[in-house]
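Colleague: I need the structure of the sequence given here:
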Amino acid sequence: MSRNQKVLNYLIENGSITSMEAYSRLSVTTLTEAVRDLRGEGHVIDTQMNYPAGKSRFGRYTLISLAKKAA
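Modeller: Here you go, the predicted model:
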């Protein structure tokens, strides 16, 4: 299964994903690239940046809607 398909399946099942979840659960190290590719396919994915005190910022990507299939 491709990286993008793994990420899309995870988003469908769980609603959102962070880079740490992508790495630990899917062995995906390039989440931002996967999200970029999925957006290019027409999927609507929102990014929410988180800034925990004293820690590195991170993004949470949330699936808003799947791409409409071409007829």
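
Colleague: how many residues are close by residue 43?
Modeller: Neighbourhood size, residue 43 [other C-beta atoms under 10 Å]: 20. For every residue, glycine as well, the C-beta is placed using N, CA and C.

Colleague: quick check: which ranges of this structure have low pLDDT?
Modeller: Counting by pLDDT under 70, the ranges of the chain that qualify are 70-71.

Colleague: now do the helices in it.
Modeller: Under the criterion DSSP state H, the chain contains helices at 3-14, 19-26, 31-40.

Colleague: which one of those helices lies nearest to residue 58?
Modeller: helix 19-26 (6.2 Å; C-beta to C-beta).

Colleague: between that closest one and helix 3-14, how big is the angle?
Modeller: 100 degrees (axes from the mean of the first three to the mean of the last three C-alpha atoms, to 10 degrees).

Colleague: which of the residues in stretch 12-22 are buried?
Modeller: 17, 19, 21-22 (16 or more other C-beta atoms under 10 Å).

Colleague: which one of the residues you listed is nearest residue 41?
Modeller: Nearest member of these to residue 41, counting by C-beta to C-beta, is residue 17, at 16.3 Å.

Colleague: wait, doesn't that closest one sit right on residue 7?
Modeller: Yes. Residue 17 lies in contact with residue 7 (C-beta atoms under 8 Å); the separation is 6.6 Å.
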